[in-house]
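Undergrad: any chance you could fold what I've pasted below:
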Amino acid sequence: MAAQLYYKKFIVASAITAITALIILCYSFYLGKINLFLILNDDFGKVADYFFYGYTYLGDGIIWIPILFLFIKYQKKYISFLISAFILSTLFVQVCKYYIVPNEFRPIKAITNTTLVHIVEAPHETSSFPSGHTTTAFCFFLIACLFIPNKWVLPIGFVAALFVGYSRVYLAQHFPLDVAAGMLLAILSIALSITTQNWWQKRKKNHTTTFYNQA
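TA: Just a heads-up that it's a prediction; the model follows:
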């Protein structure tokens, strides 16, 4: 798989994502996750409210469907990779939310003085860690770096995914700490999916070779 895709670009994208996530984690622990949230959850006006309210849906799980159709049309060979990425990223997020860190309070529930929180939509109250939207957005970014040859996909894709992560903070749905965790889970999900694809391709090749040898 690696020889046929833009694997080096994926490594660079993963490194940039990991470094950014670690910086957010460091600031979250240094300043406190609530303080960092309040710094970033500023009110930039109605235009920003409408923008981030709509933009955050680019990290919604429903976006996997059109991506699947694109793979069916242009990259049938790698459908198992995409399915693996979807399953793993979803599994990691849900296990964290409901088993590892169950019922973790979101900003509106964790912050006593809610007047300090800029609210655009009615935010959820629990299952904060990690941010599923961020995980999905960065999965798409890393997938794009694997399959799209253009160099612009790395800087533009990174900023686009990071904006999804920021939108979760701006909309008071997540702490920056949750966003950082979502970024790291995306790297893990895609890396394991590459391994899964390699295993599947090798198994398929060995099966075909065995079949012809027997014939």
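
Undergrad: thought residue 149 was touching residue 4?
TA: No: with contact defined as CB atoms under 8 Å, residue 149 does not count as touching residue 4 (11.8 Å). In short, each C-beta sits where N, CA and C put it, glycine included.

Undergrad: same drill for the two, tell me which one is more crowded.
TA: Legend: neighbour count by other CB atoms under 10 Å for residue 149 and residue 4, higher for residue 4 (11 against 8).

Undergrad: secondary structure class for the more buried one?
TA: Judged by DSSP: H, G, I helix; E, B strand; the rest coil, the three-state class of residue 4 is coil.

Undergrad: please apply the same query to residue 127.
TA: Quick answer, by three-state DSSP: residue 127 is coil.

Undergrad: list the contacts for the closest residue to it other than its chain neighbours?
TA: Nearest residue to residue 127, sequence neighbours excluded (CB to CB, 6 or more residues apart in numbering): residue 97, at 4.5 Å. Contacts were defined as CB atoms under 8 Å, 6 or more residues apart in numbering; by that measure residue 97 touches 104, 127, 128, 129, 130, 132.

Undergrad: mind checking pLDDT for residue 97?
TA: Looking at residue 97, its pLDDT reads 96.

Undergrad: before we move on, what about residue 206?
TA: Here, the pLDDT recorded for residue 206 equals 63.

Undergrad: what segments of this protein are helices?
TA: 7-31, 33-40, 46-55, 64-74, 79-95, 107-110, 132-147, 153-170, 176-214 (DSSP state H).

Undergrad: tabulate these (CSV), appending mean neighbour count and distance to residue 116.
TA: Below are the helices of the chain laid out as CSV (neighbours: other CB atoms under 10 Å; distance: least, CB to CB, whole Å):
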stretch, mean neighbour count, distance to residue 116
helix 7-31, 16, 15
helix 33-40, 17, 6
helix 46-55, 14, 17
helix 64-74, 13, 35
helix 79-95, 19, 27
helix 107-110, 19, 9
helix 132-147, 26, 23
helix 153-170, 21, 14
helix 176-214, 18, 15
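
Undergrad: tell me which of the ones you listed sits nearest to residue 118.
TA: helix 153-170 (7.3 Å; CB to CB).

Undergrad: tell me what that closest one is packed against?
TA: helix 7-31, helix 33-40, helix 46-55, helix 132-147, helix 176-214 (3 or more CB pairs under 8 Å, 6 or more residues apart in numbering; DSSP states H and E).

Undergrad: can you check the pLDDT for the residue nearest the centre of the chain?
TA: When CA atoms, centre = their mean is applied to the chain, the residue found nearest the centroid is residue 135 (1.9 Å). Looking at residue 135, its pLDDT stands at 98.

Undergrad: what's the answer for residue 197, then?
TA: 84.

Undergrad: how about it, nearest residue that isn't a chain neighbour?
TA: Once flanking residues are discounted, residue 197 sits nearest to residue 81: 3.9 Å by CB to CB, 6+ apart.
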